[in-house]
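> Structure, please.
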Amino acid sequence: MGSRSGTRDGIAAACVALACLLVPLGVLAGWAAYGLADTERYVRTVAPLAEDPAVQAAVADAVGDEVVRELEARTEGNTPVAPFVRDALESFTRTDAFRTAWEAGNRTVHDTVLHALRDDTPSTGPVTVDLAPVTAQVKQRLEADHMPYAHRIPVEHTALPVVPAEEVTGLRRGYRLLDAAAFWLPLAAVALAVTGVTVAASRRRTLTAAGLGIALGGALLALAVVLGRRLTLADLPDTVHRPAAAAVYDALTATLHTASWLLLAVGTTVALAVRLTGRPFLRRRRPGPAPITYSATTPVRTRT
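Numbering: from 1, shown residues only. Now for the predicted structure:
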């Protein structure tokens, strides 16, 4: 009997441990597959960044450098236009037109990349996007501000590469794997958890361990988000605006951060609930000795 109980506990422990490992991985895969891979949800996530000062400054710097380079090439550098361009772009980033352009640009890039990842045809070149509509809105704003030579800014339909050709095939495989993992990992985690609790000799103890394991998985997921932020910002090239990149990272991982704390809260609640509701049963009184009964035919000795 003891060996059977030990075998059941071993199987239960293995199932619960695997389930607790798959829970944060499933959340991570679901966040990437259903959160980042949904264009409308992605646009709603990054839309508030148009009002972030760091993002506005980064856009003004990046677009301003390109505009100044183009204008200086066309005017042979005879007119100092950099201060005018900078002031006009800073003003532009605080308008509704910029917010519209920001959402339109993000939607265009996201749709293009997502279509390339889901496409089954062999890749023959890089993934490109046309940002001419965004450029047209910037030009219109600069002309309204009466910036010199704004009418000379070209609005051409160019193929701006966003994913190199050599990376398209690998990204497609990774996307398909991630899409499958987002569906199967949560199901596997639930099946393993139910199996572990069912076969365990002590179901309350196993359920408590499962709750603590889920809470630990949530804590590790939150830690991974924090470490991922540091590593991502540390690996950025010097040309990237770090405050803007930090704002984008925080916006994209906000849902993941919330999910990690939810796992921590749910796991802790389950463990405490099982622990507290199990105490009355653990403290049941042991049955005492049965009372002695005397039969009517049994002679009873009396002392004289």
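> quick one: buried residues of stretch 37-45?
37, 39, 42, 43, 45 (16 or more other C-beta atoms under 10 Å). Bear in mind the C-beta positions are built from the backbone N, C-alpha and C, glycine included.
> gap between that stretch and the chain center?
12 Å (C-alpha atoms, centre = their mean, to the nearest Å).
> which residues of this protein fall in helices?
Read by DSSP state H, the chain holds these helices, from start to end of the chain: 2-30, 39-46, 53-75, 82-92, 96-118, 132-144, 165-199, 203-234, 242-252, 254-282.
> any idea how far the nearest residue to residue 93 once chain neighbours are set aside is from residue 92?
Take residue 93 and drop its neighbours on the chain: the residue closest to it by C-beta to C-beta, 6 or more residues apart in numbering is residue 56, 3.9 Å away. When C-beta to C-beta, to the nearest Å is the yardstick, residue 56 and residue 92 sit 9 Å from each other.
> How about residue 247?
If you go by C-beta to C-beta, the gap between residue 247 and residue 92 works out to 19 Å.
> These two: which is more packed in?
Set side by side, residue 247 and residue 92 show more neighbours around residue 92, with 22 against 19, by other C-beta atoms under 10 Å.
> Can you tell me how far that one is from residue 239?
When distance is defined by C-beta to C-beta, residue 92 is 22 Å away from residue 239.
> Then residue 224?
27 Å.
> between those two, who's got more neighbours?
Between residue 224 and residue 239, counted using other C-beta under 10 Å, the more crowded position is residue 224 (15 against 8).
> Contact partners for that one?
The neighbours of residue 224, taking C-beta atoms under 8 Å, 6 or more residues apart in numbering as the test, are 24, 28.
> Try it again at 10 Å.
Applying C-beta atoms under 10 Å, 6 or more residues apart in numbering, one finds that residue 224 lies in contact with 24, 28, 253, 256, 260.
> Just give me the closest of these to residue 139.
Among the contacts of residue 224, residue 253 lies closest to residue 139 (C-beta to C-beta), at 34.4 Å.
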